[in-house]
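S.K.: one predicted model, sequence on top.
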Amino acid sequence: MRSYDGRDFFLQRSYERLSSEVLDAASAPVRLQVLKLLSSKGPLPYTEIMYASKLDPVRDAGKFVYHLKTLRKAGLVNVEKGTKKYGITELGKVLVEFSRDLEEYLAVKRGRLFVRTSRMTIEEFDRTRIASSLVKEAGMPQSLANEIATEAEERLLKISTSYLTAPLIRELVNTILVERKLDEYRHKLTRLGLPVNDVTMLLKEASARRLDPGWVERSAGTAVTEEYVLLNSLPRDLVDAHLSGQIHLDQPDSWMLKPSKFFHNIRVILQHGSPGTPAPHSLEFAIATILKLVRTGDGQVAREQIFDSLNVFLAPFLRDASTQRVREAVTIFLNALNWDGFSNLIPPRFTIGLDRRVPERLKDVRSIGPDGKQSGVYGDYQRESEELFRIILEALVEISRTIPLVNPSVIVRLSKEDLNEKGGPLAVAYENSSTNAIPNFLIDKEDFMASSDGSIVPTGHNTSPTAGQGSVLGTVLINLPRAAYEAAGRDERLLQNIMRETRHAVNGLDLRRQLIQERLGEGLLPLLSWRPNGGAYFDPKGASAEIGLLGLDEAIAHHTHSPLDEKDNLGLVKKIIESARKAVQESETHGLEVRIGLHGSPEASARLARVDSEKYGFSTIAYQGSKRLPYYTDMPALPATRKIPLDKRISIEGEIQRLLDGDGLLPLWIIEKTDPQGLAELSRKIAERGSSFFTYAKMISYCPRCYNTTTGIGARCQNCGSDHLVTLGRCSGRTLPLEMWPEAKRRDLDHLVQYDAS
């Protein structure tokens, strides 16, 4: 055993004196109160500490100076040099923590309960506060609230825990409500938030997928908002239909807050400027105004912002601009919206629509030029419109040589006659398709606008000259395979099930319109509430909404025991679509236009297949992927892994798009080396077979080290030899890094069927 020498003895006595001084310094109630105050609120000035301690600055000044000196001498409090504020030291925090533990221990021993609050204070338990919360938050009658509070107190006394927290008390009260089958009150009283493990998993996911801390914060916030919407904002039957997997509310976190997609009116912006900025006087200023609007709208539009006919509306700004100046402005614009190329953090979805020619509907419309002045009609600017069309497509080719264009999405609107064009600007579009898998092609839809994932909205949907061009409030996807499983092979029952779920969907979409109208009234959507020249920029009464038919292929396969691509099955597809339409027509939509289509939703695709596998078992369900990672087909109608001839695929997809009035996008996977002229021929054939909205998809490999981009999935960079490549591909309408794909679809990549368009 080691013996103590004189130095050890001296140190021990020194520590004893120090601990005695510390305990003595905190022995006065007023000094302990000051320490607790500084612990919870941080550094404070002298007078604020006095007022908070309920001391008189004149009468008690001398005593208070003495107390502060004692605390400083014991090393419990220090003074900040610059601000002269008093702050607690680490030793002071240890002492405060010790005093709280001691108070809780004594309280329990004496049969009393104390609560540690979120304000870092300890208060004596009071059951009347539980009763008050039940009345105020849950709308419970006072007598019942008193009864629940009394039972909660009795249980807490029996537990004999060392201390209580507000969340612990809330959990116990919710347990009592569950036991008494008072679910209506429990839903309103439930505390929203994520378990510690869920946040830990978000951090791990962000690291694995190369995301940033902001993604973790947004994901946690989204989860809380979604929980609030499902618990507190929607009818129980609608929520049950969503949670049980009969339907899927797309982006439920935004259901009560904002529309899903918004089509901006560029003419209004060029004439009046954006909120807080004047009408633009140059092409560069006009582009900067659009960029500002995109960033402002990011928090007020859930999924996608669209600027249709961009080249036509900007054409008047080209009259006095050189080609080089226009090219530079366009390149800056596209780069500002695109992916950074390093992280997997994808920018908010933004889409531009380009017209090969000035549409008939715009030829006689007064055009808006610099400073918001009218200058002729848009038909006068055919040459400038074509020039900007070509420059934008050429800029896309140039940018994509060094970084894949993930944002914005580009939609090129053509007539069938345009498809016969040889060379010219359209050849640049096919070059983009063959190398970069952009753009999307919209054929013979002059009076419609489109989003990148297949939504099609009539142009001029809002007749006001100051309104946006249109909006899609939200999307509900119907689980068609579930309807088939429950139909047990009977057509009539299948169609009845689809009509029942369609009515659920319509009710949910109409409710979303009402909730967004409330947010507008509350001032939560300032951009959409903007009133240029006195007219509303966004009016929910003239909006559209979507119902997506999810798992059409799997539903047909289960119901008929044959694949969707069998010719006889198109008759059943037509009945399914007609049944959904009939249910919409019979429902109260209050002026809301509800369209039936095929819409991409990776989340719904995987979630509903997983729910059905647990409910019915894999021996019953039809699915894509594997038993560990099943999914349903969302868009297009036929799975991309189905091995069928190209002619047959585009014919069936064309037939189904006709039935859906064009709502839906056909992404066609093509081989790595594809001749642009072959794509021109294939595009004509696709349009002839009935598809009005299509695009070409392929995998792209990108090297963040040397900025080299190649088609296909590569193991090493062909330029610098780096093995750290980012692979991207089109998923549900948008090009994304593979790490951002749902795992089920990512694991199915080897089975993708690619076609040779040459």
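M.R.: Structure received.
S.K.: now the element after the lengthiest strand in the chain, going C-ward?
M.R.: Counting residues, the longest strand found in the chain (DSSP state E) is strand 470-479. Downstream of strand 470-479, the first helix or strand assigned by DSSP states H and E is helix 480-487.
S.K.: next, the buried residues of that next one.
M.R.: Neighbour counts over helix 480-487 (16 or more other Cβ atoms under 10 Å) mark Leu480, Pro481, Arg482, Ala483, Ala484, Tyr485, Ala487 as buried. Bear in mind the C-beta positions are built from the backbone N, C-alpha and C, glycine included.
S.K.: surely the first one touches His559?
M.R.: So the one you mean is Leu480. No - under the criterion of Cβ atoms under 8 Å, Leu480 makes no contact with His559, lying 9.2 Å away.
S.K.: now do the longest strand of the chain: which elements does it pack against?
M.R.: strand 247-249, strand 261-264, strand 456-458, helix 491-522, strand 544-550, helix 602-616 (3 or more Cβ pairs under 8 Å, 6 or more residues apart in numbering; DSSP states H and E).
S.K.: export only the CA atoms of whichever helix or strand Gly221 is part of, formatted as CSV.
M.R.: Counting by DSSP H and E, the secondary-structure element that holds Gly221 is helix 213-228. Below are the C-alpha coordinates for helix 213-228, written out as CSV (Å, rounded to 0.1, in the frame of the first residue of the first chain):
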residue,chain,number,x,y,z
PRO,A,213,-26.4,18.5,-41.9
GLY,A,214,-29.2,20.6,-43.4
TRP,A,215,-30.7,17.4,-44.9
VAL,A,216,-30.8,15.9,-41.4
GLU,A,217,-32.5,19.0,-40.0
ARG,A,218,-35.1,19.1,-42.8
SER,A,219,-35.8,15.4,-42.7
ALA,A,220,-36.4,15.6,-38.9
GLY,A,221,-38.7,18.5,-39.4
THR,A,222,-40.5,16.8,-42.3
ALA,A,223,-41.2,13.7,-40.0
VAL,A,224,-42.6,15.9,-37.3
THR,A,225,-44.9,17.8,-39.7
GLU,A,226,-46.1,14.6,-41.3
GLU,A,227,-47.0,13.2,-37.9
TYR,A,228,-48.9,16.4,-37.1
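S.K.: domain-wise, how is the chain divided?
M.R.: Domain segmentation of the chain under automatic domain parsing yields 6-110, 122-189, 235-258+474-634, 261-458.
S.K.: average model confidence for the third one?
M.R.: It refers to domain 235-258+474-634. Across domain 235-258+474-634, pLDDT averages out at 92.
S.K.: how about the second one?
M.R.: Here the mean pLDDT over domain 122-189 is 79, rounded to a whole number.
S.K.: likewise for the first one?
M.R.: Confidence over domain 6-110, taken as the mean pLDDT, stands at 78.
S.K.: can you add distance to Gln374 and mean neighbour count and give the helices and strands packed on strand 470-479 back as CSV?
M.R.: Supplementary listing: the helices and strands packed on strand 470-479 in CSV, determined by distance: least, Cβ to Cβ, whole Å; neighbours: other Cβ atoms under 10 Å:
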stretch, distance to Gln374, mean neighbour count
strand 247-249, 44, 25
strand 261-264, 20, 26
strand 456-458, 25, 20
helix 491-522, 30, 19
strand 544-550, 30, 27
helix 602-616, 45, 20
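S.K.: with distance to Ile713 as extra columns, can I get the ones you listed in JSON lines?
M.R.: Below are the helices and strands packed on strand 470-479 laid out as JSON lines (distance: least, Cβ to Cβ, whole Å):
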{"stretch": "strand 247-249", "distance to Ile713": "30"}
{"stretch": "strand 261-264", "distance to Ile713": "31"}
{"stretch": "strand 456-458", "distance to Ile713": "32"}
{"stretch": "helix 491-522", "distance to Ile713": "38"}
{"stretch": "strand 544-550", "distance to Ile713": "28"}
{"stretch": "helix 602-616", "distance to Ile713": "19"}
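S.K.: now do the helices in the stretch 351-500 of the chain.
M.R.: With DSSP state H, counting those that start in this stretch as the definition, the stretch 351-500 of the chain shows helices at residue ranges 360-363, 382-400, 424-436, 480-487, 491-522.
S.K.: so for Phe263, which of the ones you listed sits nearest?
M.R.: Of all the helices of the stretch 351-500 of the chain, it is helix 360-363 that lies closest to Phe263, at 14.5 Å by Cβ to Cβ.
S.K.: for Thr727, what are phi and psi?
M.R.: For Thr727, the backbone dihedrals are phi -100, psi 130 (criterion: degrees, to the nearest 10).
S.K.: distance of it relative to His599?
M.R.: Relative to His599, Thr727 is positioned 25 Å away (criterion: Cβ to Cβ, to the nearest Å).
S.K.: tell me which of these two has more neighbours.
M.R.: His599 (28 against 18; other Cβ atoms under 10 Å).
S.K.: what's opposite the nearest residue to the more buried one once chain neighbours are set aside in the beta bridge?
M.R.: What sits nearest to His599 in space, not counting adjacent residues and going by Cβ to Cβ, 6 or more residues apart in numbering, is Gly548, at 3.7 Å. For Gly548, the beta-bridge partners under DSSP bridges are Leu477, Gly597.
S.K.: correct me, but Gly548 touches Leu480?
M.R.: No - assessed by Cβ under 8 Å, Gly548 is found out of contact with Leu480, at 9.8 Å.
S.K.: count of neighbours near Glu153?
M.R.: Other residues near Glu153 come to 18 when the count uses other Cβ under 10 Å.
S.K.: was I right to think Gly379 contacts Asp364?
M.R.: Yes - counting by Cβ under 8 Å, a contact exists between Gly379 and Asp364, whose distance comes to 6.4 Å.
S.K.: more crowded one of the two?
M.R.: Gly379 (16 against 9).
S.K.: pLDDT wise, what is that one at?
M.R.: Looking at Gly379, the pLDDT reads 94.
S.K.: which residues does it contact?
M.R.: Going by Cβ atoms under 8 Å, 6 or more residues apart in numbering, Gly379 touches Val358, Leu362, Lys363, Asp364.
S.K.: go on, Glu586?
M.R.: For Glu586, the contacting residues are Arg503, taking Cβ under 8 Å, 6+ apart as the criterion.
S.K.: that one and Gly597: what is the separation?
M.R.: The separation that Glu586 has from Gly597, given Cβ to Cβ, amounts to 19 Å.
S.K.: enumerate the positions of the secondary structure element (helix or strand) that Val584 belongs to that are buried.
M.R.: Secondary structure from DSSP H and E places Val584 in helix 570-586. Of the residues in helix 570-586, Leu570, Leu572, Val573, Ile576, Ile577, Ser579, Ala580, Arg581, Ala583, Val584 count as buried by neighbour count, 16+ other Cβ under 10 Å.
S.K.: let me know the closest of those residues to Leu473.
M.R.: The shortest gap between Leu473 and any of those belongs to Val584, at 14.3 Å (Cβ to Cβ).
S.K.: chain neighbours aside, what residue packs nearest to the closest one?
M.R.: Leaving aside its sequence neighbours, Val584 is closest to Val594 (4.8 Å, by Cβ to Cβ, 6+ apart).
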